[in-house]
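*Asks:* sequence first, predicted model second:
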Amino acid sequence: MSGHRILIVGGGSAGISVAARLRRAGEHDVAVIEPAVTHYYQPLWTLVGGGRAPVEESARPQASVMPKGVTWIRKAAVSVDPDARTVDLVDGTSVEYSYLVMCPGIQLDWAKVTGLSDALGRDGVSSNYRYELAPATWSFVRELRRGSAVFTMPSGPIKCAGAPQKIAYLAADHWRQQGVLRDIDVHLVLPTPGMFGVPEFAAVLERVANRYGIHVHFQSEMTSVDTAKKEIAVVDHAAGDATTTLSYDVLHAVPPQSAPDWVKKTALADPNSPAGYVEIDKHTMQHTRYPNVFALGDAGSSPNSKTGAAIRKQAPVVVENLRAVMAGRAPGARYGGYASCPLTTSRKHMLLAEFDYSMTPTPSLPYIDTIKERRDMWYLKRYGLPALYWNAMLRGLA
């Protein structure tokens, strides 16, 4: 059985950022478990679906982002035994560790919406949550000239909670530019009682939805797709779970999400949550029961919005606290729940929503009013943030 002092499960945004920071801090025995050969900058997929970026820009070889000096274990993890301090791999082998960082990402539960899996990619049904489907979203949006378009969001934590709305605004603005928006009935199905959890940003988004004439269904979610009738079933939780139907010509669907199934079965999972996220202290990112285990990113139980910006703030906290524990000290660094959601409100404007656990705006750019739609923020979304991601965040520099 092979072993490493520090073992990281997951080579996405969180895993690579932590690995790079650990190497820069002088840690030598670091290994990353990651079977994928391609690394994706997923925030770009919204722009791909809206016809504002090519999908190829979002992908690079995984080897190009793996930090030098890190052992890359190119297999999938299937189980963790935190008492034995081992991670089992898909080929039947195991890897021992002294310290573990869990960041295997989030699972897209397509099957929880009846009929959705079979509908994807054809007859107007798509989702920007998959690389190969984001271009199909743009194809369907571009071809629609009249009819009905429905954009849905599931209940529960999801990665990039603004994404279900962003594509609706990009699509509506395209139809406006084409002079056909008046002929398209646009619906946005949200499980929340408002447009956004932060009132200041919710007020802006209400005006955006009104501007495009979007019919917003609050406290509602899609439960099934009927491709033969081209309609979805929608349950309204505010009306005693009454179910109605919405017809569609274009449907952008976001699936329910949870921790990977194999993570749910481990002792690391939060026993009080069916979503099965790794149970951690929301400030220190340390596991609540296993002090040699940390978690961050989409698979952690911390109640922040699951965004890349959150990972960027979590990674230095994890590294500092992990090294403190390794040195026999108590973890002292704290994560305050910071998240950032760059909300594209048109094809040329963006609302940069930054907030923390208190759900109050926490702007990071001095002298710029980010509680309004801005053209300069659009360029940040399209060019600045991808550059920051590839050139700084994944290198442990930001």
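*Replies:* Yes, it's here.

*Asks:* what's the lengthiest helix in the chain packed up against?
*Replies:* Assignment by DSSP state H gives helix 308-326 as the longest helix of the chain. Counting contacts by 3 or more CB pairs under 8 Å, 6 or more residues apart in numbering; DSSP states H and E, helix 308-326 packs against helix 13-24, strand 94-102, strand 293-295, strand 339-344. C-beta: built from backbone N, CA, C; applies to glycine.

*Asks:* dump these to a markdown table, plus mean neighbour count, distance to His217 and mean pLDDT.
*Replies:* Below are those laid out as a markdown table (neighbours: other CB atoms under 10 Å; distance: least, CB to CB, whole Å; pLDDT from 0 to 100):
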| stretch | mean neighbour count | distance to His217 | mean pLDDT |
| --- | --- | --- | --- |
| helix 13-24 | 26 | 32 | 98 |
| strand 94-102 | 21 | 36 | 98 |
| strand 293-295 | 29 | 34 | 98 |
| strand 339-344 | 24 | 19 | 95 |
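
*Asks:* closest one to Thr244 among those?
*Replies:* strand 339-344 (27.4 Å; CB to CB).

*Asks:* the stretch 251-398 of the chain: strands as residue ranges?
*Replies:* 257-258, 293-295, 339-344, 350-355 (DSSP state E, counting those that start in this stretch).

*Asks:* the residue nearest to Ser301 when sequence neighbours are not counted: neighbour count?
*Replies:* Excluding the flanking residues, the one nearest Ser301 by CB to CB, 6 or more residues apart in numbering is Tyr277, at 4.1 Å. Neighbourhood size, Tyr277 [other CB atoms under 10 Å]: 25.

*Asks:* do Gly240 as well
*Replies:* Gly240 - counted by other CB under 10 Å - has 7 other residues nearby.

*Asks:* what distance do you get for it to Gln219?
*Replies:* The gap separating Gly240 from Gln219 is 11 Å, by CB to CB, to the nearest Å.

*Asks:* same question, Leu89
*Replies:* 42 Å.

*Asks:* those two: which is more packed in?
*Replies:* The neighbour comparison of Leu89 against Gln219 (other CB under 10 Å) goes to Leu89, with 19 against 16.

*Asks:* next, count neighbours for Val250.
*Replies:* Val250, neighbours per other CB under 10 Å, totals 23.

*Asks:* ok, now how distant is it from Leu365?
*Replies:* 35 Å.

*Asks:* kindly report the same for Gln165.
*Replies:* Distance, Gln165 to Leu365, using CB to CB: 22 Å.

*Asks:* the two: which is more packed in?
*Replies:* A count of neighbours by other CB under 10 Å puts Gln165 above the other of Gln165 and Leu365, at 26 against 12.

*Asks:* quickly find the element holding that one.
*Replies:* helix 163-177 (DSSP states H and E).

*Asks:* just the C-alpha atoms of that helix, please, in PDB.
*Replies:* The C-alpha trace of helix 163-177 is given here as PDB (Å, rounded to 0.1, in the frame of the first residue of the first chain):
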ATOM      1  CA  ALA A 163     -26.100  30.200 -13.000                       C
ATOM      2  CA  PRO A 164     -29.800  29.300 -13.400                       C
ATOM      3  CA  GLN A 165     -30.700  33.000 -13.600                       C
ATOM      4  CA  LYS A 166     -27.700  34.200 -15.700                       C
ATOM      5  CA  ILE A 167     -28.600  32.100 -18.700                       C
ATOM      6  CA  ALA A 168     -32.200  33.400 -18.600                       C
ATOM      7  CA  TYR A 169     -31.000  37.000 -18.800                       C
ATOM      8  CA  LEU A 170     -28.400  36.300 -21.500                       C
ATOM      9  CA  ALA A 171     -31.000  34.500 -23.600                       C
ATOM     10  CA  ALA A 172     -33.700  37.200 -23.000                       C
ATOM     11  CA  ASP A 173     -31.200  39.900 -24.000                       C
ATOM     12  CA  HIS A 174     -30.400  38.100 -27.200                       C
ATOM     13  CA  TRP A 175     -34.100  37.700 -28.100                       C
ATOM     14  CA  ARG A 176     -34.500  41.400 -27.300                       C
ATOM     15  CA  GLN A 177     -31.700  42.300 -29.700                       C
END
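
*Asks:* buried sites along it?
*Replies:* Neighbour counts over helix 163-177 (16 or more other CB atoms under 10 Å) mark 163-176 as buried.

*Asks:* now it: mean pLDDT?
*Replies:* For helix 163-177, mean pLDDT rounds to 98.
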